[in-house]
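Visitor: Generate a structure from the sequence data that follows.
(chains A and B, ligands or ions: 2)
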Amino acid sequence: MEKKPYRHIGVNRPRIDAREIVTGKAIFLDDFKMKEMLQAKVLRSPYPHAKITRIDISKAEVLPGIHAVLTHKNLPKDVQKWRLGNPPLIPVLTDTVHYVGDAVALVAADSVEIALEACDLIEVEYEQLEPVYYTQDAVKPDAVQIYPELPGNIVPEIEMVGEKMLTHLVRGDVDKALEEADYVEEGVYEYKKFASPMATEPPGVIMWMDKGIVKAYATTQAPEVYNMTLNMRTGMKVETKTFNVGGSFGNKSIMQTTSAYALALAVATGRPVKMYLTKSEQLLIHDMRIGCYMDCKIGLKDGIVTAVKGKWYLDAGALNDLGHVQIAVGMGEMQVALGKCKNWDMDAKVVVTNHVQTGSVRGFGGQEVKSTLMPLVMRAVAKANIDPVEFCINNFSETGDGWYWRDSQWYTAREQEYKHCMRSSAEKFGWSESWKGWNKPTRVEGNKVYGVGVSMHGNADVGEDNCEAYVRLESSGYVYLHNSIPEAGTGQRSNLRKYVAEVLDIEVEHVIVVEPSTENSPWDLGPAGSRSTLTTGHAVTVAAEDARKQLLEGAAKNIFHCPFEELETTDGMIYHRDNPENKVPWIAAFEHFGLTITGVGTYYSDYSKSNFGIYFSEVEVDLETGITKLVRVLVGSDVGQIIDPATLEMQVHGGFGAAAADSGLLEESVLDEYTGRLLTGNLIDYKWRTFDEFPPFDMVIEEGQPEISRFKAIGFGEISGAPGPASMMMAISNAIGKEFCEYPAHPRAILKALGKA
Amino acid sequence: METKFIALTVNGKKYEFLSGSDSIVGIVPWNETLSDTLRQRLDLTGSKEACGEGACGCCTVLVDNRAVSSCMTLTSDCNGKEIITIEGLEDPVTGELDPLQQAFIDYYAFQCGFCTPGIIMAAKGLLIKNPHPTEEEVKDALSGNQCRCISQYHVIDAVMHVSKQISI
Ligand code: FES
Ligand code: FES
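Guide: Ligands and ions are numbered 1, 2, ... in the order given. Okay, here's the model as predicted:
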């Protein structure tokens, strides 16, 4: 289908908040103060698993400037009923601590310094208990039980948003397909280094009670998800506002412990309470990327994966948040990528361990799947001596294929055509020149060997969850867009006003996007899973179309006396299509002064279309030192219709952050098994890519114009780095001449694979 | 209590604080960081504090035209110094942006923007020292600034645009 020329869609427009950002006037949570606001800190456990045998807060309580010291012994009555985790089963504080950094006491004070001093004055004695750090150990029959509420250390399955989350995928006859396969490969693959998404702005909240309702300012990217999950855990009605959010990557959407602790203190003190994590707390106790291991068997026949059978265990650490949803989405994403496979038997479980808590992160389940399943699949593809790009082309789902999605329902794929994009991406990367065959380096220069790799990904969450938007027209020609999406860096607030401006044919500056607050706007899950480009975009478009229709109906009735369909509007003026010179301003269409026109738009969730990304990488491995460097990267996608070229490009670059692509080469939390502590609690010890380390980055972005909505745009940002780690494992294997899969590929692992360590 | 006066010029405005060894309301304690003084006392919240240990560059300001991490600088060491924060870059009368600020808008050189004030100030410090840096020099000068949204590619383009202008 031909691409249409648009006035705003597909054209770069400066962000609404551009000037505020570059002048330092944009407000983030930590820039804001409330009257009477208290500061909160947490006394945290030094042990991974222990019983509190004695706790004495008497010295802390009498410190001047202290307003509350809460422990498991004196929690307010209501707070005693709250439950954390998912399903919510775990009390807020108990006499047992479950990971290093778990809360022992919560303190609210006039200042951070006083709160910290109070923490020092709390006397605690512990009896240490045996910890368990790995899922394989935690599920053994004789394993230590971490919570009485979670027998066998397995988290019970959940329902959310009225859906039973898919945790067991059964399709076809997997045993027969394995028997008939040309190649069968079996193995255990792990991706469990609890990398930290580490948004530059640490997570934080300010919470208070207002006439029985919880009010929050939060660094969340998804205020409605924040409200919903906090309500699920506390039973309280929550309303949330956001300032600019300093990066989130899915990882600051919920902040379950930080929010529950701040709220407990707000309830106890009756005052606004701020809890803003330090960078070190963010790196040590905030939600990490979930760990996992997959024990799996796959069958390949005629170059197509025809059978997948296995177990997939997710390590939620000490507290589960959305582990089952990550499984459910990951299960769907397996079928999107291996779209021709009709025989499945995958069982997945969420397990708890005495490790830091985990939570949602960009790549949500899919990155974990791709990092474990794809290396196993590629082992069979290597045996069959098939070019991996050809494998991707022949296996990725197409229109008419389908999948069971997270809600356990079947969806037949529509408008699912990505072969062209795969071929042009391979061509631009120079794949055929660089690919020398399986486990063969592209080139060798002294001690340095070079190899290329590829992996792919797709996520049907681009159509996830219902949402609504209101578009309110004023007779002045200004338009208000009511939607609660915050600005967390994706540019989506600015992009959404482009949809409205395009429909109403006005300047973007005439669209005012209301302050992000769940009180002021209808329900929207928020930008997650790359959904908002299609879902919110659709709701906003329909709302603008509805408002436009009402406007033109008014003008037709009051002035033009013709069918409204014959009227047009441009830049706040209305005219008949056949006589554009004779125009009247919007105000003429409004019968009563001061009244406004509101259009309502709705999107209904639909998982029958996925986005797509292919990730090519070239690495250099030093055979002496084991040091691996990224030489270049190319990411390809077909995004339907670009909304904003600059923000799209930066979302693609963003795949290096968020513990996404770089969990392949350098990002990990390092656990000291003797103490149970993470050793990576600062920005020096936790490795991340600095300005001078970014490799040349290329892109292929196609615009296939699928018939999915008026503007035909598919979100992409969430998955841009997700296939990266698996692509890098393949590149390393090819460079060093043997199969390699260890995340991240630090020099020690490489040297071990080479038999040198 | 031992006290002394500290005089600072911040964005062209002169301030004088009584500084002392004790933490008393109204007195800047010896160990107060410049970041705290700017953000908490002067309400100049443009520069951010994220790591508080000199590793992310979010808190970068200019002290006598040198880019420093204000979280690692003690206010009591800044006596007599001239400080410029992100708020001090635009022309206070005309509102005209510094060429770097304008380039960051024109090159879409930010996503969430939390790192941006620090990056702009670090780049400003570089351009004052070296008005026409090479790309390598830009990357090097900014390697202490974290941006997890990954705006680096666009930031480098923005700074190089300014670097290539004849004068700044
Ligand atoms: S806050 Fe100062 S360097 Fe990070
Ligand atoms: S733009 Fe978000 S951290 Fe740099």
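
Visitor: Then residue A:598 would be within a helix, right?
Guide: No: the assignment for residue A:598, made by DSSP: H, G, I helix; E, B strand; the rest coil, is strand rather than a helix.

Visitor: Now it: closest residue in space, sequence neighbours ignored.
Guide: residue A:472 (4.8 Å; Cβ to Cβ, 6 or more residues apart in numbering or on different chains). For every residue, glycine as well, the C-beta is placed using N, CA and C.

Visitor: can you check residue A:457 too?
Guide: That would be residue A:723: by Cβ to Cβ, 6+ apart, it lies 4.2 Å from residue A:457.

Visitor: Do you know the pLDDT at that neighbour?
Guide: pLDDT for residue A:723: 97.

Visitor: quick one on the thing from earlier: next one: the residue nearest to residue A:598 from residue A:569, what distance?
Guide: 16 Å (Cβ to Cβ, to the nearest Å).

Visitor: The two - which one has more neighbours?
Guide: The neighbour count for residue A:472 versus residue A:569, taken as other Cβ atoms under 10 Å in any protein chain shown, is higher for residue A:569 (23 against 17).

Visitor: partners of the host helix or strand of the more buried one in the sheet?
Guide: Here residue A:569, judged by DSSP states H and E, is contained in strand A:567-570. Within its sheet, strand A:567-570 is paired with strand A:573-576 (antiparallel), according to DSSP bridges.

Visitor: How far off centre is the strand it pairs with?
Guide: The gap between where strand A:573-576 is centred and where its chain is centred comes out at 44 Å by Cα atoms, centre = their mean, to the nearest Å.

Visitor: Report the mean confidence score over that strand.
Guide: On average, strand A:573-576 scores 98.

Visitor: And for that strand, what's in contact with it?
Guide: A:551-552, A:555, A:559-560, A:562, A:566-569, A:581-586, A:588-589 (Cβ atoms under 8 Å, 6 or more residues apart in numbering or on different chains).

Visitor: quick one: buried residues of that strand?
Guide: For strand A:573-576, the neighbour count (16 or more other Cβ atoms under 10 Å in any protein chain shown) marks A:573, A:574, A:575, A:576 as buried.

Visitor: do stretch A:72-81 as well
Guide: Buried residues in stretch A:72-81 (16+ other Cβ under 10 Å): A:72, A:74, A:75, A:79.

Visitor: can you pull the contacts of the residue of the stretch 251-400 of chain A found nearest ligand 2?
Guide: At 12.0 Å from ligand 2, residue A:252 is the closest residue in the stretch 251-400 of chain A, using Cβ to the nearest ligand atom. When contacts are counted by Cβ under 8 Å, 6+ apart, residue A:252 touches A:199, A:203, A:218, A:219, A:220, A:221, A:245, A:488.

Visitor: residue contacts, the last one?
Guide: With Cβ under 8 Å, 6+ apart as the criterion, the residues that contact residue A:488 are A:221, A:244, A:245, A:246, A:247, A:248, A:252, A:527, B:112.

Visitor: I'd like these as CSV, with secondary structure and pLDDT appended.
Guide: As requested, the contacts of residue A:488 are arranged in CSV below (DSSP: H, G, I helix; E, B strand; the rest coil; pLDDT from 0 to 100):
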residue, secondary structure, pLDDT
A:221, coil, 96
A:244, strand, 97
A:245, coil, 98
A:246, coil, 98
A:247, coil, 97
A:248, coil, 96
A:252, coil, 97
A:527, coil, 90
B:112, coil, 98
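
Visitor: Now compare those residues and name the two farthest from each other.
Guide: Farthest apart among the contacts of residue A:488 by Cβ to Cβ are A:246 and A:527. That separation is 14.9 Å.

Visitor: Check the gap between the residue of chain B found nearest chain A and residue B:58 for me.
Guide: Relative to chain A, the nearest point of chain B is residue B:46 (2.1 Å; Cβ to the nearest Cβ). Distance from residue B:46 to residue B:58, counting by Cβ to Cβ: 11 Å.

Visitor: burial of the closest residue in space to residue A:190 that isn't next to it in sequence, as a residue count?
Guide: Of all residues not flanking residue A:190 in the chain, residue A:293 sits nearest, at 4.4 Å (Cβ to Cβ, 6+ apart). For residue A:293, the count of nearby residues is 21 (other Cβ under 10 Å).

Visitor: Residue A:293 and residue A:188 touch, don't they?
Guide: Yes: counting by Cβ atoms under 8 Å, residue A:188 is a contact partner of residue A:293 at 6.2 Å.

Visitor: what's near enough to touch the residue nearest to residue A:457?
Guide: A:367, A:370, A:374, A:455, A:456, A:457, A:613, A:614, A:615.

Visitor: Could you chop the chain up by domain?
Guide: Answering for chain A, as no chain was given. A:18-27+A:465-603, A:32-129+A:200-248+A:252-284, A:288-462+A:608-753 (automatic domain parsing).

Visitor: switch to chain B, that's the one I care about
Guide: If you go by automatic domain parsing, chain B breaks into B:4-88, B:99-165.
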